[in-house]
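got a structure for you, letters missing:
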């Protein structure tokens, strides 16, 4: 009986072991394959520097090599020419650029009509031989200019021609509100009048005129105050006189200086 029992136990153990191996085989066949990370090996070529492999293991990338030689800067400081387009009789900007290497502002081509200049002011002349006339001041445009023309409204046939270096012209006396325009000229034509190349004459007020206006204004105000004060005094006197007359007219009629009635 003991032998028979031992045989039964052996058969049971062998059956269990076969069942476990079948289950493990089925699980291995149905589970997805394990994806292992790809290992990339770095190889340093053509270098004289020796690096420790432990640094590669710790940081994952080779140390950065700093350049010891300084690269010369190719940029140069930009220097603009000291050229004022509103100043009269100065050196052309092209000549300044050739002498010092400075940069000039861009200009339009010589085969194109110039841009319109800009009027700075219309000022009356109070001294010298041109006393009573008007000075016209302007600034040059960013164009090739061979000359300027000053045109006064109402005097189309009396235009004033001036050279390319001029920034000032003198015209005859003008009435207040007269329009004055400045045109730039070259071989391709002339500039088109614009809101900043034309200006209406509005002479500034002199200090003497302002002082005289203050005096006149003060005199008018003083005269008005005197008139108003006189009216107030006259009104007060009339009121007092009316009260006095009304008091005298309301006396006791039974009173008599000669005795009783």
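Received, thanks. On a predicted model such as this, the values are computed, not experimentally measured, just so you know.

how about residue 132, what does it touch?
By CB atoms under 8 Å, 6 or more residues apart in numbering, residue 132 lies in contact with 124, 125, 173. In short, each C-beta sits where N, CA and C put it, glycine included.

Any figure for the gap between it and residue 171?
11 Å (CB to CB, to the nearest Å).

And for residue 130?
10 Å.

More neighbours: these two, which one.
With neighbours defined as other CB atoms under 10 Å, residue 130 and residue 171 compare such that residue 171 has more, 21 against 14.

pretty sure the more buried one contacts residue 180?
Yes: using CB atoms under 8 Å, residue 171 makes contact with residue 180 at a distance of 7.0 Å.

list the residues that contact both of these two?
Counting by CB under 8 Å, 6+ apart, the residues touching both residue 171 and residue 180 are 134, 136, 150, 152.

Of those, just say which sits nearest to residue 14.
Nearest to residue 14 among the shared contacts of residue 171 and residue 180 is residue 136, at 124.4 Å by CB to CB.

Which helix or strand contains the closest one?
strand 134-139 (DSSP states H and E).

for residue 214, same thing?
Residue 214 belongs to helix 207-249, assigned by DSSP H and E.

if we can go back for a sec, now, the contacts of residue 132 that are in helices?
The helices, defined by DSSP state H, take in nothing from these.

Scan the residues you listed and report the most crowded one.
Counting by other CB under 10 Å, top hit in those: residue 124 with 16 neighbours.

OK, contacts around that one?
132, 133, 134, 135, 203, 204 are the contacts of residue 124 under CB under 8 Å, 6+ apart.

Show me how to select, in PyMOL, the buried members of these.
This is how PyMOL selects the buried members of the contacts of residue 124, with burial counted by 16 or more other CB atoms under 10 Å:
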select buried, resi 133+134
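
Just give me the least confident of the contacts of residue 124.
Note: of these, the lowest pLDDT belongs to residue 204, at 81.

What backbone torsions are found at it?
phi -70, psi 150 (degrees, to the nearest 10).

Quote the end-to-end distance of stretch 148-161.
Using CA to CA, to the nearest Å, the end-to-end distance of stretch 148-161 comes to 6 Å.

Show me what it is in contact with.
By CB under 8 Å, 6+ apart, stretch 148-161 touches 117, 136, 138, 147, 162-164, 166, 169-172, 174, 178-185, 190, 193.
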